[in-house]
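**Student:** 3D model of this:
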Amino acid sequence: MAEHRREATISNGTIPERPGGSLVDFALRTLDGRYHVLDRIAAGGMGEVFRAHDAVLDREVAIKVLHRQLAGDRGFVERFRREARSAAHLAHPNIVAVHDWGAVDGIYYMVMEYVRGQSAREILNAEGPLAPAQAAEILLPVLSALDHAHRQGIVHRDVKPENVMVTRDGTVKVADFGLARAYADAQITEAGTVTGTVQYLAPEQLRGEPADPRTDLYSLGVVAYELLTARLPFTGETPMAIAYKHLHDAVPAPSFRNPAVPRGLDGWVASMTEKDRELRPESAAEARRDLEAERAAVPGAPGVGTLVPEITVHPSPVDLGRATTVTIPRPGGRSQKRGKRRRLRWVSGVLLAFAAIGAAAWGGWTYLVPREVEVPSLLGLAVDRAQAQLEELDLLPRITDGEYSSRVEEGLVLRVEPADGTVLEQGDRVTIVPSLGHAPVPVPDLGGRTLQRARTLLREGDLRLGEISRAYDDAVPEGRVVSQSVEPGLDAPFESRIDLVLSRGPFPVPVPKVIRMAEGEARAELTAAGFVVTSTEEFSDRVPAGEVISQDPAKGTELQPGNTVTIVVSLGPPAFAMPDVREMSREEAVARLTELGADVDVVVILPPGATVIYQEPPPGTTVRVGDTVTIAVR
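**Tutor:** Purely as a prediction, here's the structure:
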């Protein structure tokens, strides 16, 4: 990609701006002598997006023009350049490609691939909840895109339906890689603030911790919930209220809102939206494998591309500014004012007459005519709101203990008796049956299971993995479940957390001392303590052959049974085979034997000579280093 290192120019005059500093009049405008701006596509927190024609490569492109206040931040400009370069290196079929970037009159822009389709937000607005198969068809390529970006060291930080594009052929592309980080860094100058779309922020982002790939997974888990239900998991009157729920509340199962969602997808969404990032899938690739496994059990549905209408582009009008406000004078003079006063007096008399008649009618209605009301539709309302509505109709509410329901959330109205639409007289009793939420579920036996298998069993049983601790256990192999916070077979609240204790293996025991023991005796004692024994051999002048010279680990070291202890066994002093030195000269024989480590005793036999005629011990005998060897010379 050719990198801009100069200010771009716009032909045909200066482009007018609206207050935010964005491009407005696009008629016959050419950006940098190359990009012919055609119309405005969208607007957001960072800027506006326009459709344009690249005259050089003869193709449609999308141009994101950043707000002028961002371009005034030198630190942001540098971050924007850096992130634009990083994003340009993301070559993946599910990522909107970045072609170019530059600046015009102090406003920075980025040229991207133009995707002729709709965002997932537009599809949700038009279609409502998607079929589980359609949601998976969107989520799987998004995970592929995130996996590619994460492996390049880029975290999106703002995954939401607006940044997921779908074409009519079903291609899914993720937009705005890199820009979220530059934008967030530019806002960080205000102490105590968090920048982003609060409905999709992960708990660690809200706590001010650094984002990592698992942060994108949490946001995508929220997107998955929204695709399956057409609703956000958390709502509130203020961003702070929503942030509090992200930090403290579990994301509900999508099947609460959409019974067509299978349990497997409920579990997948739950794993993606764990509050502790350590409990989420380790990577986008792992999350994709999990989703592919769940997708096998999802009923088929028309391809998601069928939900995207034909995209017809209409050029924007030349003037996109605000309409001008004008003042229209009221006609009339003094004569009109006098007529107005006469009309007011006449109207007042008529109103007083009607008031008297109305009062008489109200009294008759209240005290003489029995009044009837219909039971309103209360299903799905909060119990206190339903109670208030009945009281406003002068009906007497009665609230029962409630019933379990897998379809209606706890605290909402499950059933009304008599049913809505029933005609009652004021003062009659209406029974409200609140929902207690999903019925408790039996806890599976997780003893002896691996952590991965325990997680799967909990997910299949509509439960979640809680805190994990570890303890020594002689009976349970390392890494398997020793105990669980709720006994198997007992009931636990739906989607509650079950804490597990994993085995660290047997209790450590001290290693016994086996130095100076015979090898067989040392092996027996270490084996009886549960250790595996290995040995090596060394010569030793101090330790007799067959006894232990040293051990590793040392005596008293705490070691788990099954671990290895190594002993070194003595071969005794070094030895050698006595060479044949007969017929050698005296000097040659002494040098040879001294080199081998023997102490040489020379006996001279008369008549004296210089040749060895006798040796003791004889050739081939094993001699230890330091022993005396006798030779006779004549």
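
**Student:** ok, and the closest non-adjacent residue to L70?
**Tutor:** F76 (5.3 Å; Cβ to Cβ, 6 or more residues apart in numbering). C-beta: built from backbone N, CA, C; applies to glycine.

**Student:** give me the neighbour count for the one you found.
**Tutor:** For F76, the neighbour count with other Cβ atoms under 10 Å is 21.

**Student:** looks to me like it is in a helix.
**Tutor:** Yes - per DSSP: H, G, I helix; E, B strand; the rest coil, F76 lies within a helix segment.

**Student:** hang on, isn't it packed against Q69?
**Tutor:** No - F76 is beyond contact range of Q69, at 9.3 Å (criterion: Cβ atoms under 8 Å).

**Student:** by mean pLDDT, point me to the weakest helix or strand of this protein.
**Tutor:** Lowest by mean pLDDT, DSSP states H and E among the helices and strands of the chain is helix 334-367, with a mean of 47.

**Student:** so what touches the next helix-or-strand element following that helix?
**Tutor:** Sequence-wise, the next helix or strand downstream of helix 334-367 (DSSP states H and E) is strand 372-374. With Cβ atoms under 8 Å, 6 or more residues apart in numbering as the test, strand 372-374 has contacts from L393, D394, L395, D420, G421, T422, V423, L424, E425, Q426.

**Student:** now, of those, which are buried?
**Tutor:** L393, L395, L424 (16 or more other Cβ atoms under 10 Å).

**Student:** mind checking how far stretch 522-537 is from the chain centre?
**Tutor:** In terms of Cα atoms, centre = their mean, to the nearest Å, the centre of stretch 522-537 is set 47 Å apart from its chain centre.

**Student:** how long is that stretch end to end?
**Tutor:** Stretch 522-537 stretches 14 Å from its first residue to its last (Cα to Cα, to the nearest Å).

**Student:** next: stretch 491-499.
**Tutor:** 14 Å.

**Student:** run through who's touching it.
**Tutor:** Outside stretch 491-499, the residues that touch it by Cβ under 8 Å, 6+ apart are 250, 253, 270, 437-443, 446, 458, 462-469, 484-486.

**Student:** same question, stretch 261-268
**Tutor:** Residues from elsewhere that reach stretch 261-268 (Cβ under 8 Å, 6+ apart): 132, 135-136, 224, 228-229, 253-255, 287, 290-291, 293-294, 297-298, 459-460, 462.

**Student:** now restrict those residues to buried residues only.
**Tutor:** Buried by 16+ other Cβ under 10 Å: 132, 135-136, 224, 228-229, 253-255, 287, 290-291, 294, 298, 459, 462, out of the contacts of stretch 261-268.

**Student:** which of those lies closest to V308?
**Tutor:** Nearest to V308 among these is A135, at 14.9 Å by Cβ to Cβ.

**Student:** I'd assumed L228 was in contact with the closest one.
**Tutor:** Yes - in terms of Cβ under 8 Å, A135 counts as a neighbour of L228; the distance is 5.3 Å.

**Student:** strands of the stretch 451-600 of the chain, start to end?
**Tutor:** Using DSSP state E, counting those that start in this stretch, the strands of the stretch 451-600 of the chain run over 464-471, 481-484, 491-492, 497-503, 509-510, 532-538, 548-552, 558-559, 564-570, 575-577, 599-604.

**Student:** now those as CSV including distance to D147?
**Tutor:** Formatted as CSV, the strands of the stretch 451-600 of the chain follow (distance: least, Cβ to Cβ, whole Å):
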stretch, distance to D147
strand 464-471, 23
strand 481-484, 31
strand 491-492, 34
strand 497-503, 28
strand 509-510, 46
strand 532-538, 42
strand 548-552, 45
strand 558-559, 42
strand 564-570, 40
strand 575-577, 65
strand 599-604, 75
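
**Student:** which one of those lies nearest to Q118?
**Tutor:** The nearest among the strands of the stretch 451-600 of the chain, by Cβ to Cβ, is strand 464-471 at 34.5 Å.

**Student:** filter the buried ones among the contacts of stretch 261-268 down to the ones in helices?
**Tutor:** Residues of these located in helices (DSSP state H): P132, A135, A136, A224, L228, T229, A287, D290, L291, E294, R459.

**Student:** now the fifth one: closest residue in space, sequence neighbours ignored.
**Tutor:** Taking Cβ to Cβ, 6+ apart as the measure, L228 lies nearest to P254, with 4.0 Å between them; neighbours along the chain are not counted.

**Student:** where are the low-confidence patches of the stretch 301-450 of the chain?
**Tutor:** Residue ranges of the stretch 301-450 of the chain with pLDDT under 70: 311-371.

**Student:** and the stretch 1-150 of the chain, by the same measure?
**Tutor:** Using pLDDT under 70, the stretch 1-150 of the chain drops low at 1-28, 44-46, 71.

**Student:** just the strands in it please.
**Tutor:** Along the stretch 1-150 of the chain, the segments classed as strands by DSSP E, counting those that start in this stretch run 30-31, 35-43, 47-54, 59-66, 98-104, 107-113, 117-119.

**Student:** and the second one, what does it pack against?
**Tutor:** Using 3 or more Cβ pairs under 8 Å, 6 or more residues apart in numbering; DSSP states H and E as the contact definition, the elements that strand 35-43 packs against are strand 30-31, strand 47-54, strand 59-66.

**Student:** and of these, who's closest to G626?
**Tutor:** G626 sits nearest to strand 59-66 of all the helices and strands packed on strand 35-43, at 88.3 Å, using Cβ to Cβ.

**Student:** run the angle between the closest one and strand 35-43 for me.
**Tutor:** 60 degrees (axes from the mean of the first three to the mean of the last three Cα atoms, to 10 degrees).

**Student:** ok, residues contacting strand 59-66?
**Tutor:** For strand 59-66, the external contacting residues (Cβ under 8 Å, 6+ apart) are 22-23, 31, 35, 37, 41, 46-54, 80, 96, 99, 107-116, 179.
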